[in-house]
Structure formats: structure tokens, C-alpha cells
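Q: Would you be able to build a 3D model of this:
(one chain, ligands or ions: 1)
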Amino acid sequence: MTLKDKRILLIVSGGIAAYKSLDLIRRLRERGTTVIPIMTAGAQQFVTPLAVGALSSGHVFTDLFSREDEQDVGHIRLARDCDLVLVAPATADLMAKMANGLADDLASTVLLATDRPVLVAPAMNPKMWAHAATRRNAGTLAGDGVRFVGPNAGEMAEGGEAGLGRMAEPLEIVAAIENLLDEGPKPLAGRRAIVTSGPTHEPIDPVRYIANRSSGRQGHAIAAALARLGADVTLVSGPVEIADPAGVRTIHVERAEEMLDGVLAALPADIAVMVAAVADWRVATAGGQKIKKKPGEAPPPLQLAENPDILKTIGHHAQRPKLVVGFAAETQEVEANAREKLKRKGADLIVANDVSPKTGIMGGSRNSVSIVSKDGVDAWPDLDKNEVAARLAALIAERLGP
Ligand SMILES: Cc1cc2nc3c(=O)[nH]c(=O)nc-3n(C[C@H](O)[C@H](O)[C@H](O)COP(=O)(O)O)c2cc1C
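A: You can find the predicted model right below:
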């Protein structure tokens, strides 16, 4: 999907995240997209029309009752003469107006008059996002066919507050636009998916940890592939060096226990693909202070405790997703171990791969997998991890059916 020559009507409303819409304009324009900006009165308290106009290289629309812009009922033209209407940031206020069909300024009037797809990127304080009124409005908008990107979890601009409410990053918004305008088949539209990816880091003390060689490449590629087929994807990622995938809500965690919490918080879902190389054990005695090396003393013993089994928990959960897929990274008896894992973990599919050092799979860009289900084993050829992801997403869509 390319955004070249697309026309995006960008509505900027009045939140702190309005500054991010400046970068968003730049990201869209470097892809050859025309950006037509509308700013609410609130937005102009945060960024100036001059800055928005300079970056978009065009006129910035701000007034409904503008003698200049409304000579040919300009708001109707604006509402229709674009490929997509994007609201970023979307305030709680503007979402409330949209949900109720209010049209008392240029932005809300255009949103009511448009027949184009509408994508909103909410940004607000977590308490505002969690408020029953905003929940109701978001539900109404989703029911009206409005699409959402974000909000993400994280630190707020207001000191000491964190939670769900940060605007999606500009590149996530760009990816969401690409997904929305992509006319390819969307067999997973309306489905929710949870994917885990990467390693976990299990602390020994505040500076040392136990980890493994997982890069997150396969899990991230699967999250992106499911999103391309229209799924609403939450990716729970351990510490990795690669970027968050496009069009996906990414939650960053460190330890296995945090990963399980992230997965459970993302339920209910239709699909779970547990790709992360979760550490089987954590250090039971992990302390708050760095363990000191003392002359003449033996190395400290490390007492291990078993970590939660995330795949098994999901496979047997009361809200078990319809399709549960696990990964079996083995170094010997790959298929036999995968068959055993299928049963024990309550999974529908196990993607088995041989991660012996000679294969270069762990941390590499290619993968050679076998798909194990109760129907048998299907050995796929050696493929790029993105290709494995695309095939697996297609298989998931086929298994779930319409
Ligand atoms: C400093 C400051 C920051 C604000 N940040 C947000 C925000 O991030 N999200 C939000 O929904 N409202 C925020 N508000 C409140 C909106 O600006 C207010 O509801 C305004 O009426 C929104 O107008 P608009 O939706 O027409 O742009 C903030 C207000 C102030 C004074």
C-alpha cells in the first residue's frame, strides 16, 4: 500500500499531543501524501496555524463561518474531497461531539458531512479515557464505523500520571492509514488478536538478568501480518532492539510475569499467537541491591522459581481465544515435542522450529517451521520470517473462517 497521491484531511483538536501532529504531517508528506489541515479553536492554543500551514504547505482551515472559505460551501467540499479523514489528536470533547452528531464548528461539521473513512487517534488523560462517558462515546463511534488507532499506554505530559491515553506515535498512525486504505482482502476485520514476541529478562539483581537470544523478529512480523489482514492486534513484547510494528498496539514488558499480565489484560480476543521465548524460570531471590563480589567468598547460589506458563494459561483460560497458536523452539525431537506441547498447552496449532545454533534461526532473519495440529504436520520450506508471518496469518484467517 502506498500513500503517494492520497489526500488526507487532518483534523487537529485541542490536546497536548497536537505537537505530534506536526511530525505526523511531515511523515505523511514524505510519502507523497497531500495533507489538508483543519484546526479546532482548542488546537490553536497548543500549536499555531502558521506551523501547521508551513509543514503542510497549504491553507489551514479553522472557521466554519469563513467568508473566504465558504463561498462555495467549502466545508462540504472539504468533507468529500479526500481519501480519508484523520482526527489526530482526538480530544474527549471532539469524540463526544462526533458520537452525538454535533456540528458547532468546522471540524465537527466536516466530520458529520463526510462520506469518507474516518480514523481517530485519541489522546487524553487516562481518567478521561476510562470515564464511562468516553467509553460510551468510543463504543458509539466504533459502531458507526469509525476506526481507532491507539491510544497507547505510557507516561502523560502531566507529571506523575501514566496509563492508557497517549496518542499513537506518528508512524503507527501512518501504518493505520495504510491498513485502512489498503484495498487488499481483510478476512480478519473485526477480530482481535494478541501476540507475544521477544525474550523476557528475568532480573538477578538491579543490574544483571537472565535472558535468551530471541530477537522478536518473528513475533513482530506476525503481529504486523495479522494487522494487514484487518485484525485489531495487541503485541506484548519483551525487550527487543527492533521497532514496534506498524498498525499494532504494542505493550512493552520485561519479565514473564509482566508478559502474562499484559496478555490477560488484552482479553477477550479471537486469536492468540504466543511467539515470545518466555523464560521458564526466574531468580527466586532477585534482590533490590547489586550482589557484591567479596574476596575469598564462593559465587552466590541462584535459586530459581518456575515462571507462569503463558501459552498454557491462555489455552485453558475461561476466556480462551477461539484460536490459540504456540511456538515450540526446540533443539531436538522438534516434532515429537511439538505434538506433546499441543495437547498439554491446550493449543490448536504449534509452530515448531529447530533453534539449534547451526540453524541460525534464533536472532536470524529466516525461519524453517513445521505446523503441527491435530490433523498432522505440515513442513514449510525455509522462508524469510516475514513470509512465515504472512503464511501463518493467512492460515489463521482460513481456520477462523468468515
Ligand atoms: C493544558 C491543557 C491540556 C489539555 N489536554 C487535553 C488532552 O490531551 N486531551 C483532551 O481530550 N483534552 C485536553 N484538554 C481539554 C481540551 O482542550 C478541551 O476539552 C477543549 O474544549 C477541546 O476542544 P476541541 O475538542 O474543540 O479541540 C486540555 C486542556 C488544557 C488546558
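
Q: what residues go with each domain of the protein?
A: 7-181, 192-400 (automatic domain parsing).

Q: and the shortest one, does that touch the ligand?
A: If I follow you right, that is domain 7-181. Yes - for domain 7-181, a contact with the ligand is found by CB under 6 Å from any ligand atom, at 13-17, 40, 42-43, 91-94, 123-124, 128. Every C-beta, even on glycine, is put in place using the N, C-alpha and C of the backbone.

Q: Please state the offset of that domain from the chain centre?
A: Per CA atoms, centre = their mean, to the nearest Å, the displacement of domain 7-181 from the mean C-alpha position of its chain is 19 Å.

Q: Compute the first-to-last residue distance for it.
A: 11 Å (CA to CA, to the nearest Å).

Q: can you pull the buried residues of the worst-scoring helix or strand of the chain on mean pLDDT?
A: Least confident helix or strand, the chain: strand 152-155 with a mean of 80, by mean pLDDT, DSSP states H and E. Within strand 152-155, the residues that count as buried by 16 or more other CB atoms under 10 Å are N152, A153.

Q: on contacts alone, who are the packing partners of it?
A: strand 162-166, strand 249-252 (3 or more CB pairs under 8 Å, 6 or more residues apart in numbering; DSSP states H and E).

Q: Name the nearest residue to H201, sequence neighbours excluded.
A: In space, and not counting its chain neighbours, H201 is closest to Y209: 4.3 Å by CB to CB, 6 or more residues apart in numbering.

Q: and the one you found, how many residues sit next to it?
A: Neighbour count of Y209, defined by other CB atoms under 10 Å: 19.

Q: Am I right that it is in contact with P203?
A: Yes - counting by CB atoms under 8 Å, P203 is a contact partner of Y209 at 4.9 Å.

Q: any weak-confidence spans in this structure?
A: 1, 70-73, 246, 357, 359-363 (pLDDT under 70).

Q: again, only using 50
A: The chain contains no residues with pLDDT under 50.

Q: which ones are touching A256?
A: Listed by CB atoms under 8 Å, 6 or more residues apart in numbering, the contact set of A256 reads T200, E202, V278, A279, R282, N307, P308, I310.

Q: how about a cut-off of 7 Å?
A: When contacts are counted by CB atoms under 7 Å, 6 or more residues apart in numbering, A256 touches T200, E202, V278, A279, R282, N307, P308.

Q: ditto for H201
A: Y209, A211, G238, P239, E254, R255.

Q: so which helix or strand takes in the fourth one?
A: Which is P239. Per DSSP states H and E: P239 is located in neither a helix nor a strand.

Q: separation between the residue nearest to H201 and the ligand?
A: 35 Å (CB to the nearest ligand atom, to the nearest Å).

Q: Over to A352?
A: 46 Å.

Q: Isn't that residue up against A336?
A: No - applying CB atoms under 7 Å as the test, A352 and A336 come out as separate, 9.5 Å apart.

Q: show me where the stretch 251-400 of the chain has strands.
A: Counting by DSSP state E, counting those that start in this stretch, the segments of the stretch 251-400 of the chain that form strands are 271-274, 281-283, 304-306, 323-330, 349-354, 366-367, 369-373, 376-379, 383-384.

Q: and among these, the most buried is which?
A: strand 271-274 (a mean of 28; mean count of other CB atoms under 10 Å).

Q: who does it touch, helix- and strand-wise?
A: In terms of contacts (3 or more CB pairs under 7 Å, 6 or more residues apart in numbering; DSSP states H and E), strand 271-274 is packed against strand 192-197, helix 310-315, strand 323-330.

Q: before we move on, back to that, mind giving me a markdown table with the helices and strands packed on strand 152-155 and columns for distance to E172 and mean neighbour count?
A: A markdown table is the format used below for the helices and strands packed on strand 152-155 (distance: least, CB to CB, whole Å; neighbours: other CB atoms under 10 Å):
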| stretch | distance to E172 | mean neighbour count |
| --- | --- | --- |
| strand 162-166 | 11 | 18 |
| strand 249-252 | 8 | 21 |
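
Q: Of these, give the one that comes closest to P117.
A: strand 249-252 (19.3 Å; CB to CB).

Q: Who does that closest one pair with, and is each partner parallel or antiparallel?
A: With DSSP bridges as the test, strand 249-252 is paired with strand 232-237 (parallel).

Q: from the chain's centre, how far out does the partner strand sit?
A: That offset, for strand 232-237, works out to 5 Å (CA atoms, centre = their mean).

Q: what are the phi and psi values for the closest residue to H59 other than its chain neighbours?
A: Using CB to CB, 6+ apart and skipping the chain neighbours, the partner closest in space to H59 is G53 (6.9 Å). Main-chain dihedrals, G53, degrees, to the nearest 10: phi -70, psi -40.

Q: Please verify my assumption that G53 contacts V60.
A: Yes - G53 lies in contact with V60 (CB under 7 Å); the separation is 4.4 Å.

Q: Look at those two and report which has more neighbours.
A: V60 (21 against 15).

Q: From A113, how far out is the more buried one?
A: According to CB to CB, to the nearest Å, V60 and A113 sit 19 Å apart.

Q: Next, count neighbours for L22.
A: Using other CB under 10 Å, L22 is surrounded by 17 other residues.

Q: hey, C-alpha coordinates of the strand or helix carrying L119 in PDB?
A: Using DSSP H and E, L119 maps to strand 118-122. Output of strand 118-122 as PDB, limited to C-alpha atoms (Å, rounded to 0.1, in the frame of the first residue of the first chain):
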ATOM      1  CA  VAL A 118     -12.700   8.200   9.400                       C
ATOM      2  CA  LEU A 119      -9.700   7.300  11.600                       C
ATOM      3  CA  VAL A 120      -9.300   8.800  15.100                       C
ATOM      4  CA  ALA A 121      -6.200   8.800  17.300                       C
ATOM      5  CA  PRO A 122      -7.500   9.700  20.800                       C
END
